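Engineer: coords please:
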Amino acid sequence: MKARLGDPAVIVTLGLLAGCSRASEPTAESVYTVDLKPDDFVGAVDNPYFPLTPGATYVYEATTGEGLEHTEIEILSDTRQVMGITATVVRDTVTLDGQLIEDTYDWYAQDTSGRVWYLGEDVSNYENGQSVGKAGSSEDGVDGALPGIIMLGDPSSHVGETYRQEYHQGHAEDMADLVGVNESLTVSHGSFTDVVKTLDYTPPEPDAREEKYYAGGIGLIKTVDLTTSEADLLLRYSAP
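Structural biologist: Sure, this is the predicted structure:
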């Protein structure tokens, strides 16, 4: 469910003060810093646009130049301690033409203002059915990796703003622009209004840009690769 994609001219500074974080206007000169405290977080992730209810499952599919990509996501009841914060664990498995290519455990937590933070991932990559390493794995608070915001607590109050989704210099520098909050969209799972739209990008890959769409009560329903025009659509969502 995590977005992976930034702009070399934009860096955001974030700081947590008195239990809530505050983002400055991004500039080319600003430096990204985060000060998270466990007391600033709640036990459940129930942001309407990024709910992580244990037992919920999501299925996405995209027809790509390499074949049919099929993604299954399960919100686990497991938790993990990251930077002293209790994070919800999400399992993400991806197959290409029926063959496993990635099995990932992502970690998320929600602060008291409703923002959902991404705290890292444990990635297992596969080729031809064989494990080929852990490239892409990162844990915030380790080796300079820093958390970022996947979904704002009140998107309607932040249209036009830019925020970091994660930061590990030279490895992952994902960012997003909050484009709008009143999109209408139909996917296989259904039709939705008041959809939140973001533009995701990353400085190390300036040509990689994605549009993502989030529906209230469900979360991510569509991703569009702006380079290839390939769309990853929600086929099925099952609540626990």
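
Engineer: ok, now which ones touch Asp122?
Structural biologist: Contacts of Asp122 were listed using Cβ atoms under 8 Å, 6 or more residues apart in numbering, and they are 104-105, 134, 137, 139. The C-beta positions use only the backbone N, C-alpha and C, and glycine is treated the same way.

Engineer: if you set the cut-off to 10 Å instead, what comes out?
Structural biologist: By Cβ atoms under 10 Å, 6 or more residues apart in numbering, the residues touching Asp122 are 80, 89, 91, 103-107, 134, 136-139.

Engineer: tally of neighbours for Ser156?
Structural biologist: By the criterion of other Cβ atoms under 10 Å, Ser156 has 12 neighbours.

Engineer: next, it: phi, psi?
Structural biologist: Ser156 adopts backbone torsions of phi -60, psi -20, taken as degrees, to the nearest 10.

Engineer: quick check: which element contains the closest residue to it other than its chain neighbours?
Structural biologist: Leaving aside its sequence neighbours, Ser156 sits nearest to Val181 (Cβ to Cβ, 6 or more residues apart in numbering; 4.8 Å). Counting by DSSP states H and E, the element that carries Val181 is strand 175-187.

Engineer: buried ones in the strand ranked longest in the chain, by neighbour count?
Structural biologist: Longest strand in the chain by number of residues (criterion: DSSP state E): strand 67-82. Within strand 67-82, the residues scored as buried using 16 or more other Cβ atoms under 10 Å are 69-73, 75, 80, 82.

Engineer: just give me the closest of the residues you listed to Pro38.
Structural biologist: Distance to Pro38, by Cβ to Cβ, is smallest for Val82 among the buried residues of strand 67-82, at 10.0 Å.

Engineer: where does the prediction get shaky in the chain?
Structural biologist: 1-30 (pLDDT under 70).

Engineer: and the strand holding Val181, what's buried?
Structural biologist: Neighbour-count burial for strand 175-187 [16+ other Cβ under 10 Å]: 175-178, 180-181, 183, 185, 187.

Engineer: including distance to Asp39, could those residues go into JSON lines?
Structural biologist: Formatted as JSON lines, these follow (distance: Cβ to Cβ, whole Å):
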{"residue": "Met175", "distance to Asp39": "27"}
{"residue": "Ala176", "distance to Asp39": "26"}
{"residue": "Asp177", "distance to Asp39": "30"}
{"residue": "Leu178", "distance to Asp39": "27"}
{"residue": "Gly180", "distance to Asp39": "33"}
{"residue": "Val181", "distance to Asp39": "30"}
{"residue": "Glu183", "distance to Asp39": "35"}
{"residue": "Leu185", "distance to Asp39": "37"}
{"residue": "Val187", "distance to Asp39": "38"}
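
Engineer: can you pull the phi/psi pair for the residue of the chain positioned farthest from its centre?
Structural biologist: Distance from the C-alpha centroid of the chain peaks at Asn128, with 27.1 Å (Cα atoms, centre = their mean). Here the main-chain torsion angles of Asn128 (degrees, to the nearest 10) amount to phi 50, psi 40.

Engineer: distance of it relative to Val94?
Structural biologist: Distance from Asn128 to Val94, counting by Cβ to Cβ, to the nearest Å: 15 Å.

Engineer: just Glu69 next, same as before
Structural biologist: For Glu69 relative to Val94 (Cβ to Cβ), the value is 6 Å.
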